[in-house]
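1. Provided below are the primary sequence and the corresponding predicted coordinates.
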Amino acid sequence: MAHWHYDRLSSQDNSFLLWEKGNVRMHVASTNILDIGPLRRESGGVDIDLVKRATESFLHLVPRYRQRLHQIPVFDHAVWVDDPYFELDYHVRHTALPRPGTIQQLKDLVARVMAQPLDRRRPLWETWIVEGLGSGEQFAMITKIHHCMIDGASGVDLANIQFSTSPEPQDLAPPRPFQPRPAPRRLELFLNETKRAVGIPLEVARDFRRFVDDTDDLKEDIETRVNALTRLFGMGLSADETPLNGRLGPHRRFEWISCRLEDLKAMRKGLGCSINDVVLTIVTGAVRDYLIARGTDVKATEFKVSTPVSVRKEKKKGELGNNVSSWIIPLPISEADPRRQLEILRALTEELKETNQAIGVQMINQVQEWTPSTLLSLGAQAMSGPINTIVTNVPGPQIPLHFHGARLRAIYPAVPLMQGMGLGIALTSYAGTMGIGFNCDPDIVPDVDLFVRRFRESMERVAGAAKVEIGPVSDDPNLVHAAL
């Protein structure tokens with residue numbers, strides 16, 4: 001029996017590597033604001049050694065954190081292998097903001113971190129501990145993980161490993177010994193992948209037999225999948241050009257705001273819809289107003305967003321990797337009235353549910369497992385074509401979390417930018433708040449602060465339509481927390 005070990009990336013996970021060309025950076029990130037609490041050194045500042053020991057204590061629960069990529073020769077596909085040179089100090093980094101340590105200075109630092117690619121010769125994650133924020137009572141933790149390792153749902157699972165519900169510092173057990181397993185030689189990888197490719201016809205036949213055995217109505221299921229693919233490809237292969245789109249450059253800018261989750265829930269109740277409907281309506285109004293301000297004829301422009309839909313099964317919870325599909329939704333930016341926008345969006349999402357567009361995307365991901373790597377590479381380049389931006393909305397834990405006793409106050413997520421995309425919007429709820437992150441290319445969107453203002457104004461209009469008074473909407477998490 002072979003003594004070496006590797007894990008082959010799923011084709012969906014591998015596609016995130018294929019997308020990463022030129023100035024595309026396929027890592028997801030979040031900026032977390034925490035109270036220093038028991039992590040304070042006697043001499044002041046954050047005890048980085050304690051942070052590293054706390055991180056080391058859970059590494060055995062996240063094997064990918066000590067694995068790196070190994071490319072299969074000839075095939076455009078990768079595998080995970082243990083990293084014999086893993087060094088925690090490389091991945092957990094310590095820095096400080098210059099005085100006065102403003103929120104804007106932190107945002108600028110996050111943007112620089114986001115702009116840099118992860119080193120594929122090492123495990124694909126970094127954690128930045130940033131002190132010097134404001135009065136020094138809080139610090140930031142920037143987490144940066146490649147999308148081939150994680151999706152939104154598994155990111156929440158990872159947070160549940162890193163953080164605790166207890167406000168007391170945890171007893172840190174000695175780190176478990178790490179014994180990296182040998183990686184296969186290049187020839188062994190090539191031969192195994194060749195053998196796999198030869199067996200693809202049998203895999204297709206087995207998968208079809210499994211599909212037939214699992215379905216109650218074969219004709220109906222086939223029709224559903226055909227309709228899903230028809231709906232998906234009917235969205236086209238390109239998106240309209242707008243001021244929010246262009247050739248992606250090397251720079252990034254990151255903005256954020258947060259609000260009370262109860263305000264969004266009140267809007268949902270007042271309008272008789274879902275939280276996601278509320279979010280998409282707010283985004284519609286913000287996009288409309290921004291495009292008008294930039295001189296775009298919104299009545300002659302179609303603006304399509306991709307909204308990821310998790311298809312992660314219960315038994316897959318706690319595992320890293322991607323189990324995600326998506327909806328592609330044309331926003332009704334020609335409409336000014338938020339109630340009318342919501343009405344159209346609800347009709348669109350109901351139609352997407354009926355036509356199972358998400359199944360169409362999921363089917364493409366499944367078919368990738370049978371597809372030659374050259375075609376996968378071409379497909380990866382085309383996948384971002386039909387959309388103008390991405391809007392993600394991931395529910396997070398609703399109870400306060402702590403990192404070795406340091407209370408987590410806010411989470412601001414960042415979604416990667418695909419080629420041609422100048423802005424991505426990510427939302428994560430946590431402990432009664434909703435953190436909203438705006439990741440952009442400043443060479444395409446030089447005035448993202450204008451978009452953020454339009455987003456706030458759109459939120460106020462949607463709240464007005466729902467007859468709801470909202471609390472503070474701010475980039476200062478302490479203001480939002482004070483209103484809870």
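-> Now that the structure is in, tell me what you want to look at. Numbering: from 1, shown residues only.
2. now the strands: where do they sit in the stretch 351-484 of the chain?
-> Shown for the stretch 351-484 of the chain, the strands assigned by DSSP state E, counting those that start in this stretch span residues 389-394, 402-403, 406-414, 423-430, 433-440.
3. how about the residue nearest to residue 145 when sequence neighbours are not counted, phi and psi?
-> Leaving out its chain neighbours, the residue that sits closest to residue 145 by C-beta to C-beta, 6 or more residues apart in numbering is residue 125, at 4.6 Å. Every C-beta, even on glycine, is put in place using the N, C-alpha and C of the backbone. Here is the backbone geometry of residue 125 (degrees, to the nearest 10): phi -160, psi 150.
4. Contact partners for residue 125?
-> Neighbour list for residue 125: 65, 91, 118, 143-146, 149 [criterion: C-beta atoms under 8 Å, 6 or more residues apart in numbering].
5. got the buried residues for stretch 437-452?
-> If you call a residue buried by 16 or more other C-beta atoms under 10 Å, then stretch 437-452 has these buried ones: 437-441, 443-445, 448, 451-452.
6. Mind putting the residues you listed into CSV with pLDDT and distance to residue 341?
-> Listed next are these as CSV, based on pLDDT from 0 to 100; distance: C-beta to C-beta, whole Å:
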residue, pLDDT, distance to residue 341
437, 98, 22
438, 99, 20
439, 98, 24
440, 98, 23
441, 99, 26
443, 98, 30
444, 98, 25
445, 98, 22
448, 98, 22
451, 99, 17
452, 98, 19
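7. Tell me which two of the residues you listed sit farthest apart.
-> Using C-beta to C-beta, the buried residues of stretch 437-452 reach their maximum pairwise distance at 437 and 443, which is 19.1 Å.
8. Was I right to think residue 18 contacts residue 75?
-> No: applying C-beta atoms under 8 Å as the test, residue 18 and residue 75 come out as separate, 11.8 Å apart.
9. Of the two, which one has the most company?
-> The residue with more neighbours, out of residue 18 and residue 75, is residue 18; 21 against 18, by other C-beta atoms under 10 Å.
10. packing partners for the helix or strand that one falls within?
-> Under the criterion DSSP states H and E, the helix or strand holding residue 18 is helix 11-19. Here helix 11-19 touches helix 357-368, helix 373-382, going by 3 or more C-beta pairs under 8 Å, 6 or more residues apart in numbering; DSSP states H and E.
11. gap between stretch 265-272 and the chain center?
-> 26 Å (C-alpha atoms, centre = their mean, to the nearest Å).
12. residues making contact with it?
-> The contact list for stretch 265-272, computed with C-beta under 8 Å, 6+ apart, reads 274-275, 277-278, 339, 342, 462-463, 465-468, 470.
13. what comes up buried for stretch 263-279?
-> In stretch 263-279, counting by 16+ other C-beta under 10 Å, buried: 263-264, 266-268, 270-271, 273, 275-279.
14. Could you do stretch 171-178 as well?
-> Applying 16+ other C-beta under 10 Å to stretch 171-178 flags no residue as buried.
15. Ignoring the adjacent residues along the chain, who's closest to residue 342?
-> Counting by C-beta to C-beta, 6+ apart, residue 342 lies nearest to residue 281, which is 4.7 Å off, once chain neighbours are set aside.
16. circling back to that earlier point, can you put the strands of the stretch 351-484 of the chain in a markdown table and add distance to residue 481?
-> Output for these, formatted as a markdown table (distance: least, C-beta to C-beta, whole Å):
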| stretch | distance to residue 481 |
| --- | --- |
| strand 389-394 | 20 |
| strand 402-403 | 15 |
| strand 406-414 | 6 |
| strand 423-430 | 11 |
| strand 433-440 | 7 |
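17. who wins for proximity to residue 302 among the ones you listed?
-> It's strand 389-394; of the strands of the stretch 351-484 of the chain, that one is closest to residue 302 (C-beta to C-beta) at 12.7 Å.
18. what pairs with the closest one, and is each one parallel or antiparallel?
-> Paired neighbours of strand 389-394 in the sheet (DSSP bridges): strand 303-310 (parallel), strand 423-430 (parallel).
19. quick one, that strand and strand 433-440 angle?
-> Relative orientation of strand 389-394 versus strand 433-440 (axes from the mean of the first three to the mean of the last three C-alpha atoms, to 10 degrees): 160 degrees.
20. Centre of the chain to strand 389-394, how far?
-> Taking C-alpha atoms, centre = their mean, one finds strand 389-394 lying 8 Å from the centre of the chain it belongs to.
21. and what of stretch 396-409?
-> In terms of C-alpha atoms, centre = their mean, the centre of stretch 396-409 is found 20 Å from the chain centre.
22. Equivalent analysis for stretch 122-135, please.
-> With C-alpha atoms, centre = their mean, you get 18 Å for stretch 122-135.
23. list the helices and strands the next helix or strand after the helix holding residue 18 packs on?
-> Per DSSP H and E, helix 11-19 leads on to strand 27-35 as the next helix or strand towards the C-terminus. In terms of contact count using 3+ C-beta pairs under 8 Å, 6+ apart, strand 27-35 is assigned the packing partners helix 103-115, strand 138-146, helix 152-162, strand 406-414.
24. how about the helices of the stretch 151-300 of the chain, start to end?
-> Listed in chain order, the helices found in the stretch 151-300 of the chain under DSSP state H, counting those that start in this stretch are 152-162, 186-198, 200-214, 218-233, 261-271, 275-293.
25. for the fourth one, what is the average pLDDT?
-> I take that to be helix 218-233. For helix 218-233, mean pLDDT rounds to 47.
26. One more: the second one?
-> The predicted model assigns helix 186-198 a mean pLDDT of 76.
27. how about that helix: buried residues?
-> 189, 192-193.
28. Test my guess that residue 163 contacts residue 403.
-> Yes: shown here, residue 163 and residue 403 form a contact pair, counting by C-beta under 8 Å, at 5.5 Å.
29. neighbour-wise, which of those two wins?
-> Applying other C-beta under 10 Å to residue 163 and residue 403 shows that residue 403 carries more neighbours, namely 23 against 20.
30. Surely residue 67 touches residue 84?
-> No: using C-beta under 8 Å, residue 67 is not in contact with residue 84, being 10.7 Å away.
31. So which of these two has more stuff around it?
-> More crowded of residue 67 and residue 84, by other C-beta under 10 Å: residue 67, with 24 against 13.
32. which secondary structure element contains residue 95?
-> Following DSSP H and E, one finds residue 95 within strand 92-96.
33. Count the neighbours of residue 116 for me.
-> Neighbour count of residue 116, defined by other C-beta under 10 Å: 13.
34. From residue 29, how far off is it?
-> 11 Å (C-beta to C-beta, to the nearest Å).
35. Burial check on the closest residue to residue 164 other than its chain neighbours, number of neighbours?
-> Excluding the flanking residues, the one nearest residue 164 by C-beta to C-beta, 6+ apart is residue 402, at 5.4 Å. Using other C-beta under 10 Å, residue 402 has 20 other residues around it.
36. same check, this time on residue 304
-> Number of residues near residue 304 (other C-beta under 10 Å) recorded here: 17.
37. repeat for the one 5 residues further on
-> Residues near residue 309, counting by other C-beta under 10 Å, number 16.
38. and what of residue 408?
-> 21.
39. and the gap between the closest residue to it other than its chain neighbours and residue 91?
-> Excluding the flanking residues, the one nearest residue 408 by C-beta to C-beta, 6+ apart is residue 401, at 4.6 Å. Distance, residue 401 to residue 91, by C-beta to C-beta: 21 Å.
40. who's more crowded, the two?
-> More crowded of residue 401 and residue 91, by other C-beta under 10 Å: residue 401, with 23 against 20.
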